[in-house]
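Chemist: sequence unknown, structure follows:
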């Protein structure tokens, strides 16, 4: 067999079946970690809630043709409300939509390209392994990591501790968030005792906006140095 056939027939694939999570509940502290404040104020003179960056009470500014007034920067959520965020695809790009929701109303408070805020969030919280592995961002992200020359992938029974540990931790994360797909071709070590491998890992984009999950993903990717 040629190399392509060898890779195709011997690459290990592990799937946590389900639909990529598109909506997730977040706390107000998550907004802070993304770099935003939850604001009560006015949009074109109408009272409303919205998100703002680097603003203080009393500020007025214009954005996308609308006038904003910051009346109060909230420390807690309004009574009986929750924050939900989800990913939508628009003309091939992933957008993060954030809504403030109670039993009767759903108030949009942010719409922004998901990649911009995700990269800023990952950089701010020093998660370089995730940043380095990001290949593309849709409703799910594709994480890719590889090292060394390719060859014939080892079967699962012959995997050494490092890839086995990675797969074990990846499975835990996928179980927590309900979706994931790992594709691993592990070729053994080179003459310098460095691992040779090709790894692809798919996870729901919205899950990476949860700092605890993003930290687990970063730590798991770090298994392969």
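Modeler: Okay, I see it. Keep in mind the model is a prediction, meaning the values are calculated, not measured.

Chemist: use CA for all of it now, contacts and neighbours both
Modeler: OK.

Chemist: now do the longest helix along the chain, average pLDDT.
Modeler: Using DSSP state H, we find that the single longest helix of the chain is helix 161-177. Average pLDDT, helix 161-177: 95.

Chemist: counting contacts, what elements does the following helix or strand past that helix pack onto?
Modeler: Under the assignment DSSP states H and E, the closest C-terminal helix or strand after helix 161-177 is strand 180-189. Counting by 3 or more C-alpha pairs under 8 Å, 6 or more residues apart in numbering; DSSP states H and E, the packing neighbours recorded for strand 180-189 are strand 12-16, helix 161-177, strand 195-204.

Chemist: so what's the closest residue to residue 88 other than its chain neighbours bridging to?
Modeler: Residue nearest to residue 88 in three dimensions, not counting chain neighbours: residue 95, with 5.3 Å by C-alpha to C-alpha, 6 or more residues apart in numbering. Beta-bridge partners for residue 95, by DSSP bridges, are residue 88, residue 113.

Chemist: pretty sure residue 95 is touching residue 117, no?
Modeler: No: Residue 95 is beyond contact range of residue 117, at 9.6 Å (criterion: C-alpha atoms under 8 Å).

Chemist: tell me which of the two has more neighbours.
Modeler: Using other C-alpha atoms under 10 Å as the criterion, residue 95 and residue 117 rank with residue 95 on top: 22 against 16.

Chemist: gap between the more buried one and residue 54?
Modeler: According to C-alpha to C-alpha, to the nearest Å, residue 95 and residue 54 sit 22 Å apart.

Chemist: per-domain residue ranges of the chain.
Modeler: For the chain, the structural domains run 3-22+127-221, 28-118, going by automatic domain parsing.

Chemist: could you pull up the mean pLDDT of the last one?
Modeler: Averaged over domain 28-118, pLDDT sits at 95.
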